[in-house]
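K.L.:
okay, predicted coordinates and the sequence, questions at the end:
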Amino acid sequence: MKINTDFLGTGWSFPPEFNETEGKLTMTTDVEDINNSLMILLSTRPGERVMFPNYGCDLHEMLFKPLDLTLITQMKGIIERAILYHEPRINILSIEINTQEELQGEVLIEVDYEVRNTNTRSNMVFPFYKGEATEI
């Protein structure tokens with residue numbers, strides 16, 4: 001029996017791409033669409049979307065704070081709340097913060113989740129850069 005995944009929706013690819021041969025916008029569906037949605041959610045600052053001022057995840061406020069256990073716990077809470085309020089298609093299983101590349105200015109955020117109604121498990125890794133882009 002095939003599980004109906006129509007409720008997962010279809011959305012633009014992220015970043016938006018155009019298929020030149022068909023002359024259409026590239027679309028994503030199912031888990032790929034959820035991963036794109038999470039990437040957008042985690043990289044959007046609250047207030048950036050005019051019609052949805054509460055949409056986003058305020059990780060950018062963490063840029064210049066020391067990366068200790070308190071900050072990691074705070075980041076997990078911010079991410080969890082953002083997903084809870086803005087991504088109703090999934091249940092969070094865990095959020096892990098990988099700080100191995102901290103000295104290079106990169107923190108990896110791994111979100112393990114299951115898709116509601118299908119119990120399909122998946123994960124998404126979001127690279128959060130703590131440093132400014134200084135190389136040209």
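P.N.:
Good, I have the coordinates.
K.L.:
L59 - how many residues pack around it?
P.N.:
21 (other C-beta atoms under 10 Å). C-beta here means a position set from N, CA and C on the backbone, and glycine is covered the same way.
K.L.:
got the phi and psi for it?
P.N.:
phi -70, psi -30 (degrees, to the nearest 10).
K.L.:
list the buried residues for the strand or helix carrying I78?
P.N.:
When elements are assigned from DSSP states H and E, I78 belongs to helix 69-86. Neighbour-count burial for helix 69-86 flags I72, M75, K76, I78, I79, A82, I83, H86 (criterion: 16 or more other C-beta atoms under 10 Å).
K.L.:
now do the helices in this protein.
P.N.:
Applying DSSP state H to the chain gives helices spanning 30-43, 69-86.
K.L.:
worst mean pLDDT among the ones you listed?
P.N.:
The minimum mean pLDDT among these belongs to helix 30-43 (a mean of 87).
K.L.:
packing partners for that helix?
P.N.:
If contacts are counted by 3 or more C-beta pairs under 8 Å, 6 or more residues apart in numbering; DSSP states H and E, helix 30-43 sits against strand 10-12, helix 69-86, strand 106-115, strand 120-129.
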